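Chemist: Provide a 3D model corresponding to the input given below.
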Amino acid sequence: MAKNLDLRKYQEDILVRIKDQTRSADAGTRSRLGVRAGNELLLVGLQDVSEVLPVPEIHPVPLSKPWFLGMANVRGNLYGVSDIAQFSGQTPTTGTVASRILLTHQKYKAHAALLVSAILGLRALDQMQEMEDEGRPGRWLGGRVFRDASGETWREIDIKTLLASPDFMKVGLG
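Modeler: Numbers count the residues shown, from 1 in each chain. Next up, the predicted model:
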């Protein structure tokens with residue numbers, strides 16, 4: 001019989017491992033947080049994210065772009081929540097128990113939260129092969145492309161460039 005998975009314990013274990021990795025001197029260059037957004041596998045720098053949280057209540061903002069889901073209150077701070085899959089031209093993320101928001105690090109001074117379909121754990125870049133970017137136009141803004149040992153393709157998000165992009169920061173219609 002299959003062992004029951006305690007999702008809360010699993011998520012807590014991932015967060016502890018992320019914090020342990022960020023304490024290591026070269027964690028920012030060796031490891032990335034693997035996430036799924038729509039049908040894409042993405043890598044996010046550990047130094048670019050302050051927290052990974054279950055999806056809180058999101059309050060819609062009128063006259064905003066469809067990928068901007070609205071505002072969420074996280075411990076008294078308001079964060080703009082964006083569906084990263086929809087922003088990249090995919091179908092909107094459907095909320096499940098595996099969905100999470102990534103809060104961007106405070107050093108960027110942008111209270112932004114990125115909605116992802118699932119957290120896939122830590123990925124070591126030294127166990128992946130960097131690939132030539134096929135020039136996919138769009139919104140990943142400076143991220144590199146990698147292939148893992150199982151042949152899966154991962155795209156790295158450059159959070160700093162994403163947050164500096166007018167396409168991402170201008171959420172209002174018109």
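Chemist: From here on, just use CA atoms for contacts and neighbour counts.
Modeler: OK.
Chemist: Helices of the chain, start to end?
Modeler: Taking DSSP state H as the criterion, the chain contains helices spanning 7-23, 27-30, 84-87, 159-164, 166-169.
Chemist: Confidence-wise, which of those is weakest overall?
Modeler: Among the helices of the chain, helix 27-30 has the lowest mean pLDDT, at a mean of 60.
Chemist: Tell me how far H105 lies from D48.
Modeler: From H105 across to D48, the span is 5 Å (Cα to Cα, to the nearest Å).
Chemist: what residues are shared contacts of these two?
Modeler: Counting by Cα atoms under 8 Å, 6 or more residues apart in numbering, H105 and D48 have no contacts in common.
Chemist: where does this protein have low pLDDT?
Modeler: For the chain, applying pLDDT under 70 flags the ranges 1-12, 15-29, 134-142.
Chemist: what do you get if the cut-off is 90, keeping everything else the same?
Modeler: 1-30, 88-89, 94-96, 131-144, 158, 161, 165, 173-174 (pLDDT under 90).
Chemist: and G89, how many neighbours?
Modeler: 12 (other Cα atoms under 10 Å).
Chemist: Distance-wise, check it relative to H105.
Modeler: According to Cα to Cα, G89 and H105 sit 25 Å apart.
Chemist: Same check on V171?
Modeler: Remark: distance between V171 and H105 (Cα to Cα) = 20 Å.
Chemist: Then M128?
Modeler: Using Cα to Cα, M128 is found at 25 Å from H105.
Chemist: I157 too?
Modeler: Distance from I157 to H105, by Cα to Cα: 14 Å.
Chemist: who's R36 bridged to?
Modeler: Counting by DSSP bridges, R36 is bridged to L41, A118.
Chemist: what's near enough to touch the residue lying closest to P60 once chain neighbours are set aside?
Modeler: Excluding the flanking residues, the one nearest P60 by Cα to Cα, 6 or more residues apart in numbering is G70, at 4.2 Å. Contacts for G70 (Cα under 8 Å, 6+ apart) come out as 58-61, 80-82.
Chemist: In strands, which of these appear?
Modeler: 80-82 (DSSP state E).
Chemist: Out of the residues you listed, flag the one nearest to S165.
Modeler: Closest approach between the ones in strands among the contacts of G70 and S165, by Cα to Cα: S82, at 13.6 Å.
Chemist: V97: how many residues sit nearby?
Modeler: The number of residues packed near V97 is 10, by other Cα under 10 Å.
Chemist: Bridge partners for the nearest residue to it once chain neighbours are set aside, pull those for me.
Modeler: In this structure, V97 finds its nearest non-sequential neighbour in P54, 7.9 Å apart by Cα to Cα, 6+ apart. For P54, the beta-bridge partners are R100 (DSSP bridges).
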